[in-house]
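Student: below are the sequence and a predicted model; questions follow.
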Amino acid sequence: MRKLKICVLPGDGIGPEIMEEAIRVMRAVEKKTRRFQAELKEAPVGGASIDRYGVPLRDDVLELAKSSDAVLLGAVGGPRWEGLDYSVRPERALLALRKELGLFANLRPARIYTPLIDASTLKREVIEGVDIMVVRELTGGIYFGTPRGIESLPDGTQRGVNTLVYTTTEVERIARVAFEVARKRRKKVTSVDKANVLEATELWRRVVTEVSREYPDVELVHMYVDNCAMQVIRDPRQFDVIVTTNMFGDIISDEVSMLTGSIGMLPSASLGDNRRAMYEPIHGSAPDIAGRGVANPLAMILSVAMMLRHSFGLDEDARMIENAVEKTLASGYRTPDIYSPGTTKVGTKEMADRVIENL
Ligand code: IPM
Ligand code: MG
């Protein structure tokens with residue numbers, strides 16, 4: 001039996017609630033298949049860590065993450081900490097984990113579950129069969145570029161600065177991930193940039209084109225981000241793999257999630273060159289519904305499935321979870337975010353219960 005050392009970082013808002021359920025599902029799989037034994041170490045990050053220790057990510061928590069086989073993260077942030085300096089905001093924990101673990105490739109799969117088609121705000125004809133993988137660059141771009149900050153000007157006003165920067169190496173490695181992923185899918189990569197205005201993404205376009213020569217079997221399409229935002233809604237089926245910068249990926253993946261009915265459905269995997277990896281839902285901490293037991297745990301549960309597959313090669317165990325989620329949705333169980341008339345509304349816990357029953 002394989003021992004898996006997993007670092008569990010529930011974070012803030014709905015983070016702890018959905019994490020608890022995802023772990024319950026993982027334990028149920030563990031018991032059923034007996035193919036692995038998960039050794040969990042939990043620690044506070046984000047606002048939870050700020051409240052107790054004054055910093056969003058303690059060094060020993062970062063070390064714990066680094067020495068684990070995989071990291072599971074719930075969500076960080078909330079209005080309580082919004083006034084703080086950027087260097088100690090909850091989000092810093094997440095950004096530092098991504099950067100320090102070298103997790104430059106963020107895979108955000110969006111597929112439509114047939115029973116959820118009517119939960120989307122888009123028409124059935126538009127979204128039926130949609131299956132998109134957003135490959136978001138995660139450790140570069142405007143999120144990390146310097147100079148950055150807010151400075152005071154002599155006239156008493158202020159100036160806010162962020163810098164969009166990409167190097168050839170950074171673009172090459174994320175492009176390779178995208179082409180490799182596309183090879184195992186429908187062999188199409190759409191690279192999203194703003195090359196008509198931003199030099200950094202003109203370089204992005206050139207490098208992606210260069211890398212594409214190594215993948216003659218994969219079709220490459222370049223698209224400006226404004227057009228992409230429109231095309232994703234107009235005709236989402238044209239997309240297979242979307243590869244893009246850190247910030248565009250942040251935005252486009254939220255947009256793509258709405259095709260699936262709710263942002264509460266999308267898991268993600270953040271991977272690096274080494275074996276390190278972090279798994280987290282793409283949604284945030286949803287402070288407005290936190291503590292009410294109504295959050296959708298499926299993105300977190302599906303993130304556990306991604307972990308079992310990508311970090312541990314436990315394909316069958318991952319499938320088991322994904323099939324159970326599908327079955328649960330097919331039986332009509334819905335958290336409020338994906339509810340539609342004629343289905344059965346359930347809370348966070350009961351949704352996980354139903355998934356466990358269906359394993
Ligand atoms: C995401 C989130 C984060 C991001 C925030 C919480 C820092 O929106 O994972 O998409 O912007 O990357
Ligand atoms: Mg986001």
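Tutor: Now that the structure is in, tell me what you want to look at. The shown structure was predicted, so the numbers you read here are calculated from the model rather than taken from an experiment. Ligands and ions are numbered 1, 2, ... in the order given.

Student: what does stretch 47-67 rub up against?
Tutor: Contacts made with stretch 47-67 from outside it, assessed by C-beta atoms under 8 Å, 6 or more residues apart in numbering, are listed as 5, 7, 9-12, 16, 41, 43-46, 71, 76-78, 80-81, 84, 88-93, 96-97, 100-101, 276, 278, 285. (Glycine included, C-beta is placed from N, CA and C.)

Student: meant to ask about stretch 314-329
Tutor: 2, 25, 29, 32-33, 35-36, 113, 115-116, 298, 301-302, 304-306, 308-309, 338, 351, 354-359.

Student: list buried residues within the residues you listed.
Tutor: Neighbour counting over the contacts of stretch 314-329 (16 or more other C-beta atoms under 10 Å) leaves 25, 29, 36, 113, 115-116, 298, 301-302, 304-306, 308-309, 338, 351, 354-356, 358-359 as the buried ones.

Student: so which of those are in helices?
Tutor: By the criterion of DSSP state H, membership of the buried ones among the contacts of stretch 314-329 in helices covers 25, 29, 298, 301-302, 304-306, 308-309, 351, 354-356.

Student: show me which of the residues you listed is closest to Asp131.
Tutor: Comparing these against Asp131 with C-beta to C-beta places Leu302 closest, at 14.2 Å.

Student: all the strands of the protein, residue numbers only.
Tutor: Counting by DSSP state E, residue ranges of the strands within the chain are 2-11, 36-42, 70-75, 105-111, 131-137, 149-152, 158-161, 188-193, 219-224, 241-244, 269-271, 277-279, 333-334, 344-345.

Student: nearest to Asp250, out of the ones you listed?
Tutor: With C-beta to C-beta, the closest approach to Asp250 among these belongs to strand 131-137: 6.9 Å.

Student: do the closest one and ligand 1 meet at all?
Tutor: No. Judged by C-beta under 6 Å from any ligand atom, strand 131-137 makes no contact with ligand 1; its nearest approach is 8.0 Å.

Student: what's the closest non-adjacent residue to Arg186?
Tutor: Asp240 (4.2 Å; C-beta to C-beta, 6 or more residues apart in numbering).

Student: contacting residues around that neighbour?
Tutor: Asp131, Ile132, Met133, Ala182, Arg185, Arg186, Lys187, Lys188, Val189, Thr190.

Student: quick check, pLDDT for the closest residue to the fifth one other than its chain neighbours.
Tutor: Going back to what we said before, that points to Arg185. Closest residue to Arg185 apart from its sequence neighbours, by C-beta to C-beta, 6+ apart: Asp240 at 5.5 Å. We have a pLDDT of 98 for Asp240.

Student: where does the residue lying closest to Glu128 once chain neighbours are set aside land on pLDDT?
Tutor: Taking C-beta to C-beta, 6+ apart as the measure, Glu128 lies nearest to Ile117, with 6.4 Å between them; neighbours along the chain are not counted. The per-residue pLDDT reported for Ile117 equals 92.

Student: next, count neighbours for Ile117.
Tutor: The criterion is other C-beta atoms under 10 Å. On that basis, Ile117 has 19 neighbouring residues.

Student: can you tell me how far it sits from ligand 1?
Tutor: Counting by C-beta to the nearest ligand atom, to the nearest Å, the gap from Ile117 to ligand 1 is 25 Å.

Student: now do Glu255
Tutor: Between Glu255 and ligand 1 the distance is 12 Å, computed by C-beta to the nearest ligand atom.

Student: next one: Arg58
Tutor: Going from Arg58 to ligand 1 by C-beta to the nearest ligand atom gives 18 Å.
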